[in-house]
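Trainee: Make a model of this:
(chains A and B)
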2 protein chains.
Amino acid sequence: MNLLKNKQEYFMKMALREAKIAYNEEEIPIGAVIVHENTIISKGHNQCQKLNDSTAHAEMIAITSAQNKIGSKYLNDCELYITLEPCMMCSGAIYLSKLSKVIYALDDKEKGYIRKSKEKINKKLLIESNVFEDESKKLLESFFFKLRS
Amino acid sequence: MNLLKNKQEYFMKMALREAKIAYNEEEIPIGAVIVHENTIISKGHNQCQKLNDSTAHAEMIAITSAQNKIGSKYLNDCELYITLEPCMMCSGAIYLSKLSKVIYALDDKEKGYIRKSKEKINKKLLIESNVFEDESKKLLESFFFKLRS
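Mentor: Down below sits the predicted model:
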């Protein structure tokens, strides 16, 4: 159990590192990594401003990058770590890519898929949340405070 | 009214032409075009197999291409024509890109967003459906018949 906790905390720290890259690039600070057999196979951070692309969410970038890396459109046996609960678009991409597990830090009470979707992303998909939620929250709060001031 | 019908049929024909390109490339035949001020600014067809990317739906390609073309992540005053009801991922992308109108040909009773989402994509978004639904249905049926035989 401690090993699992350590593992999850390690990979979520890597996702938070991605979120900090977004922060430093003046993007909403959200990060993601995809893990296969305890190895990170892709990373992504929000790049909506830089790319002028409202779909350039951390998860979308990490998912397409992982698919490219392993040469398959399905990511069975892969885990996605995200610093914020996925939105509708990203939950759809998680479904389509057949990821086996999603671990996210912070609930998104406004735009998160849980409040928008009638059903689970996928019956088989494992989901865990609230791993390092405070760290993710602080980063987002700092970003929006800076934006307003 | 007839002018609107003619316009919608013209642009849906262009989306169906994209779907046929996908068909000829042995992809699930779904096509999309985005229209701004009565001009097509982007096109897309399903490329999931070719790109090994489960997110490479016609709508996603058309949306990112349109954003790139106009240099903005928002597509206000743009209309999206699709040959099939959008899935959860694409409905999320439609929300994020602030499209003003979506016109689709055929309902997707299995994976369409209407059966999956608790709420409308966006309160302001106009949606029309069943424009050339038979043409879209025939193309999809022909694809899956060929796949099975």
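
Trainee: pLDDT below threshold where in chain A?
Mentor: A:1 (pLDDT under 70).

Trainee: got the contact list for the most centrally placed residue in chain A?
Mentor: Centroid-nearest residue in chain A: A:Ile82, 2.3 Å away (criterion: CA atoms, centre = their mean). Counting by CB atoms under 8 Å, 6 or more residues apart in numbering or on different chains, A:Ile82 touches A:Ala15, A:Ile30, A:Gly31, A:Ala32, A:Ala58, A:Glu59, A:Cys90, A:Val102, A:Ile103, A:Tyr104, A:Ala105. Every C-beta, even on glycine, is put in place using the N, C-alpha and C of the backbone.

Trainee: Closest one of those to chain B?
Mentor: A:Cys90 (7.1 Å; CB to the nearest CB).

Trainee: separation between A:Asn46 and chain B?
Mentor: A:Asn46 is 12 Å from chain B, where distance means CB to the nearest CB, to the nearest Å.

Trainee: Now do the contacts for that residue.
Mentor: Neighbours of A:Asn46 in contact, by CB under 8 Å, 6+ apart: A:Ala19, A:Ala22, A:Glu27, A:Ile28, A:Pro29, A:Ile30, A:Gly31, A:Ala56, A:His57, A:Ala58.

Trainee: State the number of residues packed around A:Ser117.
Mentor: The number of residues packed around A:Ser117, counting by other CB atoms under 10 Å in any protein chain shown, is 19.

Trainee: can you tell me which residues contact it?
Mentor: By CB under 8 Å, 6+ apart, the neighbours of A:Ser117 are A:Met88, A:Ser91, B:Met88, B:Lys116, B:Ser117, B:Lys118.

Trainee: Tell me which of those residues fall in helices.
Mentor: A:Met88, A:Ser91, B:Met88 (DSSP state H).

Trainee: The residue nearest to the centre of chain A pairs with what?
Mentor: Per DSSP bridges, the residues bridged to A:Ile82 are A:Ala32, A:Tyr104.

Trainee: Can you show me the strands along chain A?
Mentor: A:31-36, A:39-45, A:78-84, A:101-106, A:126-129 (DSSP state E).

Trainee: quick one: which of these is nearest B:Ser42?
Mentor: Nearest to B:Ser42 among these is strand A:39-45; the distance by CB to CB comes to 23.4 Å.

Trainee: Could you pick out the residues of chain A near chain B for me?
Mentor: A:48-49, A:51-55, A:60, A:63-64, A:67-68, A:71-74, A:87-93, A:95-98, A:115-119 (CB under 8 Å from any CB of the partner chain).

Trainee: Swap in 6 Å and give it another go.
Mentor: With the criterion set to CB under 6 Å from any CB of the partner chain, chain A comes near chain B through A:48, A:52-55, A:64, A:67, A:71-73, A:87-89, A:92-93, A:96-97, A:116, A:118.

Trainee: Would you mind checking the residues you listed for buried ones?
Mentor: A:48, A:52-55, A:64, A:67, A:72-73, A:87-89, A:92-93, A:96-97, A:116 (16 or more other CB atoms under 10 Å in any protein chain shown).

Trainee: what residues are up against A:Leu126?
Mentor: Residues near A:Leu126 by CB atoms under 6 Å, 6 or more residues apart in numbering or on different chains: A:Lys101.

Trainee: how about a cut-off of 10 Å?
Mentor: The neighbourhood of A:Leu126, defined by CB atoms under 10 Å, 6 or more residues apart in numbering or on different chains, consists of A:Glu79, A:Leu99, A:Ser100, A:Lys101, A:Val102, A:Ile103.
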